[in-house]
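Asks: A structural model of the following input is requested.
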Amino acid sequence: MSNLFHNNKDSSGSVFNSWSYDKENYILFGAGIITIILGYIIMAAGDTYSFQSLSLAPILLFIGYLILIPFALLYKKKK
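Replies: The predicted structure is shown next:
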């Protein structure tokens with residue numbers, strides 16, 4: 001039964017040996033998380049109608065959620 005799910009691969013290896021993410025992916029993902037956290041902090045610190053709450057924080061959140069995080073998940077180093 002176990003051979004059905006392992007496709008004749010060595011079962012002694014860990015999950016991370018076949019993991020497709022490298023160090024660059026984790027760095028990009030961390031940068032995205034930091035950008036998102038920074039965006040929320042800037043949004044909370046600003047006044048209701050200030051530049052940082054209406055413009056700067058949403059731009060940082062956009063960059064974090066829609067650019068850095070997906071790029072970190074899709075990036076693959078060419079060999």
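Asks: which residue packs closest to the residue nearest the centre of the chain, ignoring adjacent ones?
Replies: The centroid of the chain falls nearest to Phe29 when counting by Cα atoms, centre = their mean (2.9 Å). Sequence neighbours aside, Ala72 is the residue nearest to Phe29 in space, at 4.0 Å (criterion: Cβ to Cβ, 6 or more residues apart in numbering). C-beta: built from backbone N, CA, C; applies to glycine.
Asks: Relative to Ile27, how far out is the one you found?
Replies: From Ala72 across to Ile27, the span is 8 Å (Cβ to Cβ, to the nearest Å).
Asks: For the two, indicate the residue with more neighbours.
Replies: More crowded of Ala72 and Ile27, by other Cβ atoms under 10 Å: Ala72, with 19 against 11.
Asks: follow-up on the earlier one: can you report phi and psi for the residue nearest to the centre of the chain?
Replies: Note on Phe29: its backbone torsions stand at phi -60, psi -40 [degrees, to the nearest 10].
Asks: Let me see the contact set for it.
Replies: Leu68, Ile69, Ala72, Leu73 (Cβ atoms under 8 Å, 6 or more residues apart in numbering).
Asks: Just the buried ones from these?
Replies: Leu68, Ile69, Ala72 (16 or more other Cβ atoms under 10 Å).
Asks: The residue nearest to Phe29 against Gly32, yeah?
Replies: Yes. Taking Cβ atoms under 8 Å as the definition, Ala72 is a contact partner of Gly32 at 5.9 Å.
Asks: Extract the residue ranges of this structure that are flagged as low pLDDT.
Replies: 1-18 (pLDDT under 70).
Asks: which residues of it fall in strands?
Replies: Applying DSSP state E to the chain gives no strands.
Asks: could you pull out the helices for this structure?
Replies: Ranges of helices in the chain, per DSSP state H, are 2-6, 23-45, 51, 57-63, 69-74.
Asks: by contact count, what packs against the third one?
Replies: In this structure, helix 51 makes packing contacts with no helix or strand, judged by 3 or more Cβ pairs under 8 Å, 6 or more residues apart in numbering; DSSP states H and E.
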